[in-house]
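> need the 3D shape of this:
(one chain, ligands or ions: 1)
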Amino acid sequence: MRRRLLLLAPVLLTLPAHAQQQGDIAVTMPWTRAAGQNGTGAGFLAIANRGSAADRLVGASSTIARVVEIHTHLREGDILRMRPVAAIDLPPGGTVTLQPGGFHLMLIGLKEPLIQGQSVPLTLRFERAGELQVMLAVQPAGARGPMAHAH
Ligand SMILES: [Cu+2]
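Sure thing, here's the model as predicted:
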């Protein structure tokens, strides 16, 4: 038992290091949740700007969705509402995390179901760095984070 845990540990530790990079922009932990065909999915990931100039996420697209919008959550009284935004600012040296309850990418009009355990492509468009394709790992419906594996 102890031996097995020791073997697993290095694998788990290397996961966040798998950044996909384009110019000064590095993306880690891209994930989404299981969803049905014709429905709506949400994409989450962390974006680090390793450069010395500001950049912005200005758009996204996917072959598996009719349209992808950048959304944020705004609190109005006790209600949390989603609202499309034109861009997400990426300050130099900073990391912006798209996560449940905050910024996220809305995959509208799914052309195929998002099946837990699979990965789906998403292309991010940055003002300075250009385009970067990442693969969103599909987590269970209702997952709050990328590591929530259901076995
Ligand atoms: Cu949304």
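
> name the helix or strand for whichever residue of the chain sits closest to the ion, please.
Distances between the chain and the ion by C-beta to the ion are smallest at residue 71, namely 3.4 Å. Any C-beta I mention is one placed from the backbone N, CA and C, and that applies to glycine too. For residue 71, the host element (DSSP states H and E) is strand 65-76.

> next one: that strand to chain centre, how far?
Distance, stretch centre to chain centre, for strand 65-76: 12 Å (C-alpha atoms, centre = their mean, to the nearest Å).

> list the buried ones in that strand?
65, 68-71 (16 or more other C-beta atoms under 10 Å).

> is the helix or strand containing residue 30 up against the ion anywhere?
For residue 30, the element it lies in under DSSP H and E is strand 25-33. No: Strand 25-33 stays clear of the ion (C-beta under 5 Å from the ion), getting no nearer than 12.1 Å.

> outside of that strand, which residues touch it?
Strand 25-33 has contacts (C-beta atoms under 8 Å, 6 or more residues apart in numbering) with 15-16, 18-21, 41-51, 55, 90, 107, 114, 120, 122, 124, 126, 129, 132, 134-143, 145-146.

> if you set the cut-off to 6 Å instead, what comes out?
With contact meaning C-beta atoms under 6 Å, 6 or more residues apart in numbering, strand 25-33 is reached by 16, 19-20, 41, 43-48, 50, 114, 126, 129, 134, 136-139, 141, 143, 146.

> any idea how far residue 76 is from residue 85?
16 Å (C-beta to C-beta, to the nearest Å).

> partners of residue 25 in the sheet?
residue 22, residue 49 (DSSP bridges).

> so which bits of the protein are right by the ion?
For the chain, the residues in contact with the ion (C-beta under 5 Å from the ion) are 71, 82, 106.

> change it to 6 Å
71, 82, 104, 106 (C-beta under 6 Å from the ion).

> show me the contacts for the first one.
Right, residue 71. Applying C-beta under 6 Å, 6+ apart to residue 71 gives the contacts 82, 84, 104, 106.

> tell me the pLDDT at it?
Model confidence at residue 71, expressed as pLDDT, equals 97.

> likewise the second one?
At residue 82 the predicted local confidence, pLDDT, stands at 93.

> what do you get for residue 12?
Residue 12 carries a pLDDT value of 46.

> can you check the one 5 residues further on too?
The predicted local confidence for residue 17 comes out at a pLDDT of 49.
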